[in-house]
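S.K.: Structure for the following, please:
(chains A and B)
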Amino acid sequence: MNRQSLDNPSDPSLSRVDGAAKVTGTATYSAEYAIPGLVHAVLVTSTIAKGSITAIDSREADAVPGVLAVISHINAMTIPGWPPKKQPAERVPPGTAFRVFYDSLIYFDGQPVAMVIAATHEQAMHAASLVRVTYQQEPHRTHFEKNIAHSGIPLNVQRAKNSPFQDYERGDAAALRDAHVRIEAEYTIPTQHHQPLEPHAIIAVWEAEDKLTVYDKNQGVKSAQGQLAQAFKLPRENVQVVATYIGGAFGSGIRVWPHTMAAVMAAKQLKLPVKLVLGREQMFTSVGYRPYTKQKISIGAVKDGRLAGIVHEGTGQTSMYEEHLERTVLASRALYACPHVATRYRLLPLDVNTPTWMRGPGDATGMFALESAMDELAYALKADPLEFRLKNYAESDPERNLPWSAKSLRECYELGAEKIGWKNRLPEPRSVKRNGMLLGYGMASSLYGFHRHPSKARAIMQADGSVIVQSATMDIGPGTGTAMTRIAAKVLGLNAKKVRFDLGHSALPDAPGQNGSSTIPSVGSAVHVACEALKSKLVALAGEMPEGRKSGGQLVVRNGRIFSSQDDKEGISYADILKYHYLNELEVTEESKSGAERDQYSMYSFGCHFVEVEVNPLTGEVRVTRAVTCADVGAIINYQTARSQSIGGVVGGIGMALMEHSEMDHRFGRYVTTDFASYHIPVHADVPPIEVYYIDKPDMQANPIGSKGLGEIAIVGVAAAIANAVFHATGKRVRELPITPDKLI
Amino acid sequence: MKPFQYLRPKTIAEAISMATDYPEAQYIAGGTNLVELMKRGIASPSKLIDINHLPLKKIEHRYDRLRIGALALNSDVAKHKSVLSRQPLLAQALLAGASGQLRNMATVGGNLLQRTRCSYFYDLALPCNKRKPGTGCGAEAGINRTHAIFFAGNGFGGNEKSSCIAVHPSDMCVALAALDTEVVINGTSGERRVPLKDFHRLSTLQPELDTNLQPGELVTAIEVTDNAFAQHSHYLKVRDRASYAFALVSVAAALQMDGGRIWDARMALGGVAHKPWRYWAIDLMLRGQAPSEKLFREVAEHEMQSARATTQNAFKIKLTSNAIVAALKAATGIS
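M.R.: Next up, the predicted model:
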């Protein structure tokens, strides 16, 4: 097996700027701030899925030494930004975010119903176990399959005529009806949870009556700041949110969740700093999840292998109080050149907490169905699955009728096929054994829409010639700080050691949260333009200096010095410029955002995954033995950290395909797989050698750095590639994830 | 976690006397299971008797048997020379269980006494006859994909107030069951020995009891008598991921072969019953036979005749049968 290089030799990577802090334990995570006088909150959660609280008896809990308060809807403060409570309590209409400790109503099992605050975590834990809550129970609906009749067009979509989730149709439906070969199949993805290893945690500190600081695990300090300011009716700048280090999130930190509000309330009521860390089991009902989704695909092709039509329908679950919409069916409109495409998206409200975005939200779900169906159709046509895809390659966006800003998916396919050895694959399913194991190869495509949000960055040249770059962006793991440092260092011609990048604090310049593969395209562009602006200022200032004047204004920047373009012996250092002008520092803040190019081009990240699996013919155990992932995301900013992100995506895809499954006992409406013994994520032994390849061609239509998002396409399609390989190995098509031994024996 | 008192006896006798005097006390060794149970409020001993420093760590081979102290760490047992040379099945089973970190903490005695991983047992909000007798078995009509197929449910477990379809989670115990291990137990009236087959209980009538240990008794060692299985033994574990997962099904197969024929055979199954499930008839069925896949299939299906599925675990009947075949093929070296 060829061992892949760990770096790009022609453009060596910058090692993680925060790597040493993380591995030596000096990086401070949300729960780790040593705030004097800190007290500890533990949530008590509901044990019914629907109904109301009739009584809360906290006498035993109150008696535990160290207990300071037991807070519930009975004695919780009034949140100024929330509407007045109704008497008697009324269920909220769909579209209302859940309000913690607001009234007696229960919307889902695991809902916070009380909170114990005590001097130590242990005291709070013990006391929480002694709070007695009694309920008036009502019949609940949690079973997706049994309640599918209650699904419908989301209200949000009914109200918004130009919503991308509207029913869509192009071309003539007769094309599919008359197709030479047609497949119709249903695909099911169970509920799956992000379960980052670092649990969600918050420390809430009211610095003054109207000044709040929270150290909170989230993926967007600015949006958290806005939501908290709104809830407590405070000026934005009176709320500061700090999230410098995040131990994984995968989407679970995009929103401000009830436990965050609960801790902030407790801190306000007690006038003490409060820490709240969710227990592993609480993570299953507190911070969202990938929703249970059922999809139906009808797909057909004419004799020569050209697609005739695709009808893709998807229904996802949501809560009774909010609508969570996902891009489940959208990829089917854009991925292939197909004359007839129709998509329909529905939601099924259930008595559960609201789902949220989980890595590749909707697209990972939808691509499992679409790329499984493509594989099924290829076999039905007796065509090679890769050639079948190439035959239907979309040279322009068939949905928007626009040219792609850039697309090198064909090169991805070719590279992936070469690296996995696709041409040696025998087409017949269940035809090859290796060491007694059934051997199979599968592949799938990946795409993800381009997201670029307005972002600001500040670049400050210091008197010593080093630079500080700042933006309120986040790093939930991909190495944002490292990539941004690299961008700044390249623009300014500085050694990366002379660049510091600050992130994860709401006082920094505006930036979007880290989601939707948008950080590098958005914030990377802002850092680039801010550093370019700083450089221009420095060049202008250098031009006013005697050495600069000599050159007649023709100055170039190299290795952190400014040279006359005629004479590159004598250079002016950045420090010299600031010193000459009596400046302690030189600062610029720039904003970067999309322009008219978004209407001229269709922009996507593309990729594909090839996997090799072994299936034990007797026990049905599947092991992924090799994976090759190829991505076309424009320019790669920092190969090493990009590669880690791709590997992480494939590992997540292995979990999605083979093991992740949050099981609920619907008699109680309660999850039963609420620990890592029963909710399986891949361990090292499940992770094969993963080879990562990039086309690395800048897409200069997309943004000034020519780079598009990588986070999502790393996982989108992986589950389909594995399911397709399992079919190739065994001849069994598994359309319901996860692919566990029971489905194969 | 309920506050508790920590006790540290100096001798085995003192430990036993403490445990006898305080019925709500529990011994703690590695604590890899007990601490979790305490955190969740499933176990709430008023006193913890820490036995870690008692002289029960020794692993030694004397006369005709291997004796392993109850406090020997799982990781130490798995790499011990005498274990590897004389009872490799035990080492294989140990290494199939838990993770490296857990094996470094967990003891042999604790492994014998670990509690089921049934989700209903671990959730105070759900019914469980094992955790709270009389509340019903949550799993029987609930989520039971990983639950028992032998002597469980369908009337085997008594009535609904006492039924339990949980499985014993240990890998080590499955190998020990196949190897006819004896458990050495000390109590106020001295030492007694219990064959492993009689150490764990089926769930009938009193599912809250996992073992036949009497109040105050302390497991001090296990003993495995020498055998001729080292060349032809195999531990096969089928699970939902490659490592660090409890068994869907496991098979400990120990055979003695000579001249291409099987002369002695032992087998135990894990993940299928409330205790390690000994396949008693296997010796009779294999003795004197030449190994073949056909024979192994017959043997496997014979035992599965008495298996009964609940609502979600019917696949385990076929899976167990296949796993038996795979384990016997591996143990005999046929392809």
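S.K.: separation between the nearest residue to B:V325 once chain neighbours are set aside and A:V329?
M.R.: Nearest residue to B:V325, sequence neighbours excluded (C-beta to C-beta, 6 or more residues apart in numbering or on different chains): B:F296, at 4.6 Å. All C-beta spots, glycine's among them, are computed from the backbone N, C-alpha and C. If you measure B:F296 against A:V329 using C-beta to C-beta, to the nearest Å, the figure is 48 Å.
S.K.: between these two, who's got more neighbours?
M.R.: When neighbours are counted by other C-beta atoms under 10 Å in any protein chain shown, B:F296 and A:V329 differ, and A:V329 comes out ahead with 33 against 24.
S.K.: domain ranges for the chain?
M.R.: Going with chain A. Here the domain parsing of chain A from automatic domain parsing is A:39-139+A:198-247+A:253-286, A:150-191+A:290-451+A:599-743, A:455-593.
S.K.: sorry, should have said chain B
M.R.: Domains of chain B are assigned by automatic domain parsing as B:5-52, B:232-332.
S.K.: Need the winner for burial among those.
M.R.: Across these, averaging neighbours per residue (mean count of other C-beta atoms under 10 Å in any protein chain shown) puts domain B:232-332 on top, at a mean of 21.
S.K.: Tell me how far that domain lies from the chain's centre.
M.R.: Computed by C-alpha atoms, centre = their mean, to the nearest Å, the separation of domain B:232-332 from the middle of its chain amounts to 16 Å.
S.K.: now do the same end-to-end measure for that domain.
M.R.: Distance across domain B:232-332, first residue to last, is 6 Å (C-alpha to C-alpha, to the nearest Å).
S.K.: Also stretch A:428-436?
M.R.: Across stretch A:428-436, first to last residue, C-alpha to C-alpha, it's 17 Å.
S.K.: try stretch A:576-586
M.R.: 12 Å.
S.K.: what's the answer for stretch A:283-298, then?
M.R.: Stretch A:283-298 has an end-to-end distance of 37 Å (criterion: C-alpha to C-alpha).
S.K.: and it, does that touch chain B?
M.R.: No - applying C-beta under 8 Å from any C-beta of the partner chain, one finds stretch A:283-298 out of contact with chain B, separated by at least 11.3 Å.
S.K.: Can you tell me the closest non-neighbouring residue to A:I654?
M.R.: Going by C-beta to C-beta, 6+ apart, A:I654 has A:P682 as its nearest residue, at 4.9 Å.
S.K.: And that neighbour, how far from A:S163?
M.R.: To A:S163, A:P682 is 35 Å away according to C-beta to C-beta.
S.K.: Between those two, which is the more surrounded one?
M.R.: Neighbour tally, A:P682 and A:S163, criterion other C-beta under 10 Å: the higher count belongs to A:P682, 22 against 14.
S.K.: who are the neighbours in contact with the more buried one?
M.R.: Remark: with contacts taken as C-beta atoms under 8 Å, 6 or more residues apart in numbering or on different chains, A:P682 is in contact with A:V651, A:I654, A:G655, A:L658, A:M659, B:R241.
S.K.: where does it land in three-state SS?
M.R.: For A:P682, the secondary structure call by DSSP: H, G, I helix; E, B strand; the rest coil comes out as coil.
S.K.: For stretch B:194-202, list every residue counted as buried.
M.R.: Neighbour-count burial for stretch B:194-202, with 16 or more other C-beta atoms under 10 Å in any protein chain shown as criterion, is recorded at B:V194, B:L196, B:K197, B:F199, B:H200, B:R201, B:L202.
S.K.: hang on, isn't A:N724 packed against A:G442?
M.R.: Yes - the pair A:N724 and A:G442 passes the contact test of C-beta atoms under 8 Å, sitting 3.1 Å apart.
S.K.: out of those two, which sits in the more crowded spot?
M.R.: Neighbour totals were compared for A:N724 and A:G442, and A:N724 leads with 29 against 26 (other C-beta under 10 Å).
S.K.: so what pLDDT did the more buried one get?
M.R.: Here the pLDDT value assigned to A:N724 is 98.
S.K.: For it, what are phi and psi?
M.R.: In this entry, A:N724 is assigned phi and psi values of phi -70, psi -40 (degrees, to the nearest 10).
S.K.: Could you check how far it is from chain B?
M.R.: As judged by C-beta to the nearest C-beta, to the nearest Å, A:N724 and chain B stand 20 Å apart.
S.K.: what's near enough to touch the closest residue to chain B within the stretch 201-350 of chain A?
M.R.: Among the residues of the stretch 201-350 of chain A, A:E281 lies closest to chain B, at 8.0 Å counting by C-beta to the nearest C-beta. Contact partners of A:E281, counting by C-beta under 8 Å, 6+ apart, are A:T674, A:D675, B:D123.
S.K.: so what's the residue most central in space within chain B closest to, chain neighbours aside?
M.R.: Residue closest to the average C-alpha location in chain B (C-alpha atoms, centre = their mean): B:C173, at 3.2 Å. Take B:C173 and drop its neighbours on the chain: the residue closest to it by C-beta to C-beta, 6+ apart is B:P276, 4.7 Å away.
S.K.: Need the three-state assignment for B:A93.
M.R.: When the structure is split into helix, strand and coil by three-state DSSP, B:A93 lands in helix.
S.K.: check which helix or strand covers B:W263.
M.R.: strand B:261-270 (DSSP states H and E).
S.K.: No further queries at this time; thank you.
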